[in-house]
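1. Next one to model:
(chains A and B)
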Amino acid sequence: MLSQFLQFLFAGLTVGATYALAALGYTLVYSASGMINFAQGEFIMLGAMTASALVAAGVPLLLALALAIAFTTLVGVTMAKFAVEPAKTTSMTSLIIITLGAGQVIRGAVQISLGKGNHALPGLSDERPLHILGAALVPQAIWIMGLALVIVLVLFWYFNATMHGKALVATSHNRLAAQLVGINTMGILTFSFALSAALGAIGGVLLAPITFTSYDAGTMLGLKGFVAAALGGLGSALGAVIGGLVLGIIEAMTAAYVSSAYKDAVAFILIILLFVVAPHGLFGAKSSHRV
Amino acid sequence: MTIAPRTLGLVLLAIGLAAFPLLSPNAFAYDLAVRVLINAVVVIGLNLLFGYTGQISLGHAGFIGLGTYASAVLTTHFNWPPLVALVAGAAGTGLLAFVIARPILTLKGHHLAMATLGMGIIIAIALNNEMHYTGGSDGMSVPAFTIGSWTLSGDRNWYALLSILLLAAVWTASNLVDSPAGRALQAIHGSEVAARIAGVDVAGVKVKVFVLSAIVASVMGSLEAHYLEFATPDTAGFVRSIILMTMVIVGGMASIPGSLVGAALLTLLPQVLSTFEDGETIVFGIILIVTMIFMPNGLVPTLSNRLTRLRS
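-> Model (predicted):
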């Protein structure tokens, strides 16, 4: 009984840690620009697919992962420079549509170049599971959770202790005021896209050894990441992590004790309920609307 | 006597629709025309919600799917007459839309986008999972559309029926947007607070237009199922929602002629691209980005603005 519960808990935490990484990606872009990047999920997929293609081509694993993350980062920068910046718009709807469009482009490009099949990626260490109180835990899951923790700590340090991180926070609070004190807000936007693309790719290459990946895997993962970010309250890094873990655990428990067919629906039911009850999430700040 | 541009447009559209069969199109051309007509009616409904009222819906295909499967399941498993199933589907979809509209439409921006998207995905998941009724991802076959002993069949008859429906939709929608109710929609798009101050029941109007566009989508979903004599969960999927959205944006926000142009362009485009296999997704994405950057109002409004500026 306990071992079974632990097993589900481990599964939930593992998936939850990737949701957390995806959610952090949303949080970064949202912090820098107040916008939601609907292509975030495609970054996750792109990282995983690129890495698996490189490994299949004979590139050593760690080098392949590094190249995949670098490539995805480059795509993120390209997207900011050539799709988001030229639109010169602050209309939320326009930005949603532009990022949706960019996501479709990434997905379509991967579909054409790497095909529709499932792709595998080897894990970071050997695949024999560990046994804890009768529950099995694959080593890759420990890697995911450990690296997610490291990333959160680094981001925490970056936002609170570096000039650049503080500039990013300042930009999110008031763009014009940030410009007036000499912050390059366009640079901040591009940088936030680069960083969120990198985070997405890291999540992708870490998760792929557990779940496989395919050209259409990004959409669902991205949406779950958004749900996680919104659960924790958009713009809060800690909230994103907690939101991701909570969502992962709820999903795993639903699959285990309620219905595995409907586990994917849980996130969306949750998000609609949450928006209606508490639009600012569990940890988000309240804001007022300007006319 | 002067003819209002609205009437003129409707007459031109009627002439165009009537002229098409005179070109003696083959079955393939008829099939494409029918698909364009189905999408055009749905897009007019979506444009009322998104283009005119400014409420984004990324789950609209979900409503099409509800109509499709109401017709498919009620006619096959329960032997309901197709027309009754269609009406029941529309009523059910309308009711669902009514129930969720009020809480969902108080949301704005990405919250609204995400909530509608989530709603569409929940519907698609349910259609995929209720295997014993829907056949899951393999889809299910749907009987032909019959009323009594009369069967609607043949591309030509479907074309005629849908042409009439399109004319009715265009007529209703263009009258609506010029009526006080339609001005209320556009006022909400401009500024909700200002609309409220001017005495518009913002929440009520939003709910009405949401329900209306959902019912239109459901009816067209039912007809599409009978036309194709097949239903698949892809009908309700995220990709279809994005395509509908693209049609509104490319054709023109808050433009009825734009809805027709958008639906026609993006229904025909994949046919042109069929040589370039799997290229559809990437091209749709590029079209979305390019449209937003260079003509955020869409094709028809941008061109007609240019024309008026040239004339003056």
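2. Just give the number of residues close to the residue in the stretch 151-291 of chain A that chain B sits nearest to.
-> Chain B sits closest to residue A:268 of the stretch 151-291 of chain A, with a gap of 3.4 Å, by CB to the nearest CB. From N, CA and C alone the C-beta is placed, and that goes for glycine too. Neighbourhood size, residue A:268 [other CB atoms under 10 Å in any protein chain shown]: 23.
3. now what about whichever strand or helix holds it, what contacts it?
-> Residue A:268 belongs to helix A:263-277 when assigned by DSSP states H and E. Contact with helix A:263-277 is made by A:220, A:223-224, A:226-227, A:230-231, A:247, A:250-252, A:254-255, A:281, B:100, B:103-104, B:106-107, B:111, B:114-115, B:117-119, B:121-122, B:125-126, as judged by CB atoms under 8 Å, 6 or more residues apart in numbering or on different chains.
4. Weed out the non-buried ones from those residues.
-> A:220, A:223-224, A:226-227, A:230-231, A:247, A:250-252, A:254-255, A:281, B:100, B:104, B:106-107, B:111, B:114-115, B:117-119, B:121-122, B:125-126 (16 or more other CB atoms under 10 Å in any protein chain shown).
5. give me every residue that touches residue 76.
-> Since you didn't name a chain, this refers to chain A. By CB under 8 Å, 6+ apart, residue A:76 lies in contact with A:43, A:193, A:194, A:195, A:196, A:197, A:198, A:200.
6. hm, I was asking about chain B
-> When the contact criterion is CB under 8 Å, 6+ apart, the partners of residue B:76 are B:140, B:141, B:142, B:143.
7. what separates it from residue B:62, distance-wise?
-> If you measure residue B:76 against residue B:62 using CB to CB, to the nearest Å, the figure is 21 Å.
8. Near chain B, which residues of the stretch 1-150 of chain A are found?
-> Proximity of the stretch 1-150 of chain A to chain B (CB under 8 Å from any CB of the partner chain) is limited to residues A:35-36, A:38, A:83, A:86-87, A:89, A:91-94, A:96-98, A:100-109, A:111-112, A:116.
9. Quick one: buried ones out of these?
-> Buried residues within the residues of the stretch 1-150 of chain A next to chain B, defined by neighbour count using 16+ other CB under 10 Å: A:35-36, A:38, A:83, A:87, A:92-94, A:96-98, A:100-109, A:111-112.
10. List the ones among the contacts of helix A:263-277 that fall in helices.
-> With helices taken from DSSP state H, the overlap with these comprises A:220, A:223-224, A:226-227, A:230-231, A:247, A:250-252, A:254-255, B:100, B:103-104, B:111, B:114-115, B:117-119, B:121-122, B:125-126.
11. coming back round to it: distance of the residue nearest to the residue of the stretch 151-291 of chain A closest to chain B when sequence neighbours are not counted relative to residue A:245?
-> Closest residue to residue A:268 apart from its sequence neighbours, by CB to CB, 6 or more residues apart in numbering or on different chains: residue B:118 at 3.4 Å. Shown here: residue B:118 relative to residue A:245, a distance of 20 Å by CB to CB.
12. who touches the nearest residue in space to residue A:120 that is not next to it in sequence in this structure?
-> Setting aside the residues directly before and after it, residue A:120 is nearest to residue A:212 in space (CB to CB, 6+ apart), at 5.7 Å. Listed by CB under 8 Å, 6+ apart, the contact partners of residue A:212 are A:118, A:119, A:120.
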